[in-house]
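In: requesting a structural model of the entry that follows:
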Amino acid sequence: MKLVTMKFGGTSVGSAEAIRGAVQIIHDTCESEAERVVVVVSAMSGVTNLLQEGVVRAANGDPERSTAIAQIIRDKHEEAASDLLAELPTEDRGAVLAEIDGIVEDYRRFCESIGVLGEATPRALDATMGMGERMSARLVAGAIRGMGMAAQPVDATELIVTDTNFQSAAPLMDETRIKTRERLGALISNGIVPIVTGFIGATLDGRATTLGRGGSDYSAAILGAALGSDEVWIWTDVDGVMSADPRVVPDARILDTLSYREISELAYFGAKVLHPKTIRPVLEAGIALRVKNTFNPAHPGTQIVETNGVTSRPIKAVTAIRDLSLITVEGKGMLGVPGIAARTFGAVARTGTSVLMISQSSSEQSICFVVPLTTADSVIEAVNREFEAEIGRRDIDEVFSQDEVGIVTVVGGGMREVPGVAGKIFSATGADEVNVIAITQGSSECSISLVVASADVDRAVHAIHPLTMTD
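Out: Modelled structure (predicted):
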């Protein structure tokens, strides 16, 4: 029997109307394409931000706003429930509403406790930020039951076991596999559709964690791999992965297929369709992955495959990340000195900052790397501290930043086989008078990244995008 794990994002469950569409998709899939379905849901759009704001406001001494947020969340879900659950028996409908009310009340009391403590720690945030998923899972399960199908909400804290890196936890797959197969296997074998909360998990000792913002995609991949699903479908609000951001390039098109490596590069470098960590579990498990549109389910979407083979279009897509800073470590005394790069990135790692791109001059007299703009000051301070002695004797002249830059990344698995692609990219940006500050190319030759001024990001994407349409 075919098993499909499908995930519905925040906009796909953002209203009663949207949830009704998602439920119809689940029903139709069970009837026509798969005998067994596991569903992963996000919070209703906007709810996670509200939950986080309420906790932060409570910690900062604003209990009135926290209380108001709790009421906003309660009203939003009760309004959706009154529309969605009309077909349920009175007792079942009342039970769903009572569960939602209980979750909101737990949140309100938690905010009160945070107000007393005056601090919102990562662990405290994780204890509350998954409450939106818990409520949407109950709405979706109730709506499915209203269509005459058996469905049950399941909190992923019972399934996904993680480490203790609160706010960005990593799954412990062996433990997760055991729990998931035991808990969900029993439901599936009894013809019950599990509606699982995305985004959240729990440590070995039961403390709630989250997988990072946007982590419901990751949840679906983890559960799909743990269950040995035949396919994982990511339902979102676009027809698939596009060749560029349509807000920047109006003639961007849907890509029929992408390789795992191509989608990994796109996700890492700013494409919002998939969480960057989604790829690894399905790739390692050999599971098919597809991105589809909840609001246009007839569209085939984008299929993610192991490899595309040789393609007539070597460049598939172009994407961008903004609000970055280019940090440069420079000095004539760096030439031939071992360990400079290791010490540089060790210092950066101690600040907890992720480096998005690295470039080094062939003369070894400078290293530059890109970090989020908000972390630039702390990174420079850490690197200066690491090289205090070298700066004092002028082996290193300066550590400085160029702020307000972005990374434009060109992705395509076929670039490896086609000569002259880089030349075309730089000719296109040059013709549009875009100044390229730094360059890097992955060893796989699947992507080329350019650092440009923030003001030039959209212009660079526009200039390069026509190359996705040529041989």
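In: spatially central residue in this structure, please.
Out: What sits nearest the mean C-alpha location of the chain, by C-alpha atoms, centre = their mean, is residue 275, with 2.5 Å.
In: got phi/psi on that residue?
Out: The phi/psi pair for residue 275 (degrees, to the nearest 10) reads phi -70, psi 130.
In: OK, contacts around it?
Out: Residues counted as contacts of residue 275 (C-beta atoms under 8 Å, 6 or more residues apart in numbering) are 212, 214, 215, 216, 217, 218, 267. Any C-beta I mention is one placed from the backbone N, CA and C, and that applies to glycine too.
In: ditto for residue 456
Out: 406, 434, 435.
In: okay, the contacts of residue 275 in TSV with distance to residue 394, secondary structure and pLDDT next?
Out: Listed next are the contacts of residue 275 as TSV, based on distance: C-beta to C-beta, whole Å; DSSP: H, G, I helix; E, B strand; the rest coil; pLDDT from 0 to 100:
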residue	distance to residue 394	secondary structure	pLDDT
212	42	coil	89
214	45	coil	81
215	46	coil	88
216	51	helix	93
217	49	helix	94
218	47	helix	96
267	42	helix	84
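In: number of nearby residues for the closest residue in space to residue 431 that isn't next to it in sequence?
Out: Spatial nearest neighbour of residue 431, excluding adjacent residues (C-beta to C-beta, 6 or more residues apart in numbering): residue 463 at 6.9 Å. Other residues near residue 463 number 21, with proximity taken as other C-beta atoms under 10 Å.
In: these two touch, right, residue 463 and residue 433?
Out: No - counting by C-beta atoms under 8 Å, residue 463 does not reach residue 433; the two are 9.2 Å apart.
In: shouldn't residue 159 be in contact with residue 223?
Out: Yes - using C-beta under 8 Å, residue 159 is in contact with residue 223, at 6.8 Å.
In: between the two, what contacts are shared?
Out: Residues touching both residue 159 and residue 223 (C-beta under 8 Å, 6+ apart): 180, 184, 196.
In: what's the burial count for the last one?
Out: If I follow you right, that is residue 196. Residue 196 has 29 neighbours, counted by other C-beta under 10 Å.
In: what kind of secondary structure is it in?
Out: At residue 196 the chain is in strand, as set by DSSP: H, G, I helix; E, B strand; the rest coil.
In: from residue 4, how far out is it?
Out: From residue 196 across to residue 4, the span is 13 Å (C-beta to C-beta, to the nearest Å).
In: where do the contact lists of those two overlap?
Out: By C-beta under 8 Å, 6+ apart, residue 196 and residue 4 have these common neighbours: residue 38.
In: so where do the helices sit in the stretch 251-400 of the chain?
Out: 260-268, 279-285, 340-350, 376-386, 388-392 (DSSP state H, counting those that start in this stretch).
In: out of these, deepest packed?
Out: helix 260-268 (a mean of 23; mean count of other C-beta atoms under 10 Å).
In: could you export it as CSV, CA atoms only?
Out: Coordinates of each C-alpha in helix 260-268 appear next as CSV, following Å, rounded to 0.1, in the frame of the first residue of the first chain:
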residue,chain,number,x,y,z
TYR,A,260,18.0,17.4,-4.6
ARG,A,261,21.2,19.4,-5.0
GLU,A,262,19.5,22.2,-6.9
ILE,A,263,16.7,22.6,-4.4
SER,A,264,19.1,22.5,-1.5
GLU,A,265,21.1,25.4,-3.0
LEU,A,266,17.9,27.4,-3.7
ALA,A,267,16.5,26.8,-0.2
TYR,A,268,19.8,27.7,1.4
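In: helices or strands up against that helix?
Out: Under the contact definition 3 or more C-beta pairs under 8 Å, 6 or more residues apart in numbering; DSSP states H and E, helix 260-268 sits against helix 279-285, strand 302-305, strand 317-330, strand 398-411.
In: between the last one and helix 260-268, what angle do the directions make?
Out: Okay, so that is strand 398-411. Angle between the axes of strand 398-411 and helix 260-268 is 130 degrees (criterion: axes from the mean of the first three to the mean of the last three C-alpha atoms, to 10 degrees).
In: do the third one as well
Out: When the same axes, to 10 degrees is applied, the directions of strand 317-330 and helix 260-268 differ by 70 degrees.
In: hmm, back to that, between the contacts of residue 275, which is nearest residue 390?
Out: Lowest distance from residue 390 to the contacts of residue 275 (C-beta to C-beta) belongs to residue 212, with 35.6 Å.
In: domain map for this structure?
Out: 3-237, 317-469 (automatic domain parsing).
In: mean confidence for the shortest one?
Out: Meaning domain 317-469. Mean pLDDT, domain 317-469: 90.
In: got the end-to-end distance for it?
Out: Its first and final residues considered, domain 317-469 spans 9 Å by C-alpha to C-alpha, to the nearest Å.
In: same question, the longest one
Out: End-to-end distance for domain 3-237: 23 Å, by C-alpha to C-alpha.
In: now find how far off-centre that domain is within its chain.
Out: Averaging C-alpha positions (C-alpha atoms, centre = their mean, to the nearest Å) puts domain 3-237 16 Å from its chain's average.
In: which one of the helices and strands packed on helix 260-268 lies closest to residue 136?
Out: Closest of the helices and strands packed on helix 260-268 to residue 136 is helix 279-285, at 22.3 Å (criterion: C-beta to C-beta).
In: report the mean per-residue pLDDT for the closest one.
Out: Mean predicted confidence for helix 279-285 is 91.
In: so what does that helix touch, helix or strand wise?
Out: Here helix 279-285 touches helix 216-227, helix 260-268, strand 288-293, going by 3+ C-beta pairs under 8 Å, 6+ apart.
In: how about the ones you listed, which one is nearest residue 11?
Out: Per C-beta to C-beta, nearest to residue 11 of the helices and strands packed on helix 279-285: strand 288-293, 10.2 Å.
In: that closest one: partners in the sheet, and parallel or antiparallel?
Out: strand 231-236 (parallel), strand 302-305 (antiparallel) (DSSP bridges).
In: columns distance to residue 203 on top of the shared contacts of residue 159 and residue 223, output as a markdown table?
Out: Putting the shared contacts of residue 159 and residue 223 into a markdown table (distance: C-beta to C-beta, whole Å) gives the following:
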| residue | distance to residue 203 |
| --- | --- |
| 180 | 16 |
| 184 | 20 |
| 196 | 18 |
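In: the helix or strand containing residue 113: what's the following helix or strand?
Out: According to DSSP states H and E, residue 113 maps onto helix 90-117. Next helix or strand after helix 90-117 toward the C-terminus (DSSP H and E): helix 122-129.
In: may I have that next one exported as CSV, CA atoms only?
Out: Below are the C-alpha coordinates for helix 122-129, written out as CSV (Å, rounded to 0.1, in the frame of the first residue of the first chain):
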residue,chain,number,x,y,z
PRO,A,122,14.8,30.0,24.2
ARG,A,123,13.4,27.1,26.2
ALA,A,124,10.4,29.2,27.3
LEU,A,125,9.8,30.3,23.7
ASP,A,126,9.8,26.7,22.6
ALA,A,127,7.3,25.8,25.2
THR,A,128,4.7,28.1,23.7
MET,A,129,5.6,28.7,20.0
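In: next SSE downstream of that helix?
Out: Later in the chain than helix 122-129, the nearest helix or strand by DSSP H and E is helix 131-146.
In: against which helices or strands is that next one packed?
Out: Judged by 3+ C-beta pairs under 8 Å, 6+ apart, helix 131-146 is in contact with helix 16-32, strand 36-41, helix 47-59, helix 63-84, helix 90-117, strand 151-154, strand 193-197.
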